[in-house]
Structure formats: structure tokens, C-alpha cells
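Visitor: What would the 3D arrangement of this be:
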Amino acid sequence: MKYIYCIFSVLLLANCSQKIKTDNKDWTKVIIGTWDFVETRDPSGNKLENYEGSFGTVQATGPKLIYNSDFTYNMVFTPKNTDTGNWKFNKETMTIEHDLYIDSTGFVGKDLIRQKLAVKSSNGNYYERIDEKILKIENEEMLIDNRGLINVYKKEIKK
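Guide: Down below sits the predicted model:
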């Protein structure tokens, strides 16, 4: 019985030690870089070509994500459609918090401000907070929750 207790204790300590190492990982350094959209998957892991969204059928595509070391970001949907702002990583929730700059003079910006979905930053610009939950990040692959679906990204490797 003492032998079994000893083995159990060693395994428990080894498991806790691994969790501590994982929790101390600097995820910010892992996130910084350019991430190319690969595909959208359903909760079972099947690749989707399109899915039903709140405005009808949506083609399963995603933006290129660029996270800079100065904590600015770009989400490039098309060459003429790029979201920009600041980002930070919340280790407790494994969430990337995006502060998306908005045009406070446009219809959409005014509406977001009116609904209190956009707030004024200390530099005078307005932003909307958008959080993205990381489901998995390893081996240059990142899986992000997309309202119950999974967006898959591959990190570009600098040569």
C-alpha cells in the first residue's frame, strides 16, 4: 500500500510541476507574429466551406492576423479592409483582447458609441473591445473559438 501511495504522490507532483511550467509560459511571445487563416471547423473537427450566421450563409474564411511586439495588431480581411488596434493577452481566460479602433464620425461608429459598445481611450480615439478565446496554441498552430466553431490559423515562419 505504501508503494502505491508513493507512486501516486510522485505522479501527482509531476503533473503539478508540468502545469506550473505551462502556466508560466510567456504566451505573448508565442502570439506575436503573422497568422494565416487555414480553415473553419465544426465542433467535431470537420472542415466547413460555409456555415449559417446571424445574417444568413457565411463563407468560411478568416482574416490574416498580425500581432506586433508593440501590442498593435492588424486583421487583414482584404487589401482594402483591415482592422487595426491594440491587443493584450489575458492569461487567466486564454483570451486575446482586441481594442479595435473605430471611426467615431461614421454611421457604424456613432451607433457603437450610442450603444456603449465603443469607448473613448486616453488618446481620444474610440475603440470596441473584441475578445477571442484561444482553444489551443502549439506547434505554430492556433485554434480560436468563432461562436462555437473553430478557426484554425498557421503561424508564418520567418526565414
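Visitor: In this structure, where's the longest strand?
Guide: In the chain, assigned by DSSP state E, the strand with the most residues is strand 126-138.
Visitor: Identify the residues contacting that strand?
Guide: The contact list for strand 126-138 (Cβ atoms under 8 Å, 6 or more residues apart in numbering) reads 27, 30-31, 85-86, 90, 93-102, 104, 109, 112-113, 117-121, 142-145, 150. Any C-beta I mention is one placed from the backbone N, CA and C, and that applies to glycine too.
Visitor: Just the buried subset of those residues, please.
Guide: Buried subset of the contacts of strand 126-138 (neighbour count, 16 or more other Cβ atoms under 10 Å): 27, 30-31, 85-86, 95-96, 98-102, 104, 109, 112-113, 118, 142-144, 150.
Visitor: rewinding a little: so what's the model's average confidence on the longest strand of the chain?
Guide: For strand 126-138, the mean per-residue pLDDT is 94.
Visitor: Summarise which helices and strands the following helix or strand past it is packed against.
Guide: Using DSSP states H and E, the helix or strand that directly follows strand 126-138 along the chain is strand 141-146. Other elements packing on strand 141-146 under the criterion 3 or more Cβ pairs under 8 Å, 6 or more residues apart in numbering; DSSP states H and E are strand 126-138, strand 149-155.
Visitor: What strands flank strand 141-146, and is each parallel or antiparallel?
Guide: The pairing partners recorded for strand 141-146 under DSSP bridges are strand 126-138 (antiparallel), strand 149-155 (antiparallel).
Visitor: quick revisit: out of the buried ones among the contacts of strand 126-138, which sit inside helices?
Guide: 27, 30-31, 109, 112-113 (DSSP state H).
Visitor: Straight-line length of stretch 89-105, end to end?
Guide: Stretch 89-105 has an end-to-end distance of 29 Å (Cα to Cα, to the nearest Å).
Visitor: Which pLDDT value goes with Y67?
Guide: 97.
Visitor: I'd guessed it sits against W87; true?
Guide: Yes. Assessed by Cβ atoms under 8 Å, Y67 is found in contact with W87 at 6.1 Å.
Visitor: Break down this protein into its strands, ranges please.
Guide: 33-41, 47-48, 50-53, 56-59, 64-67, 72-78, 81-90, 95-102, 118-120, 126-138, 141-146, 149-155.
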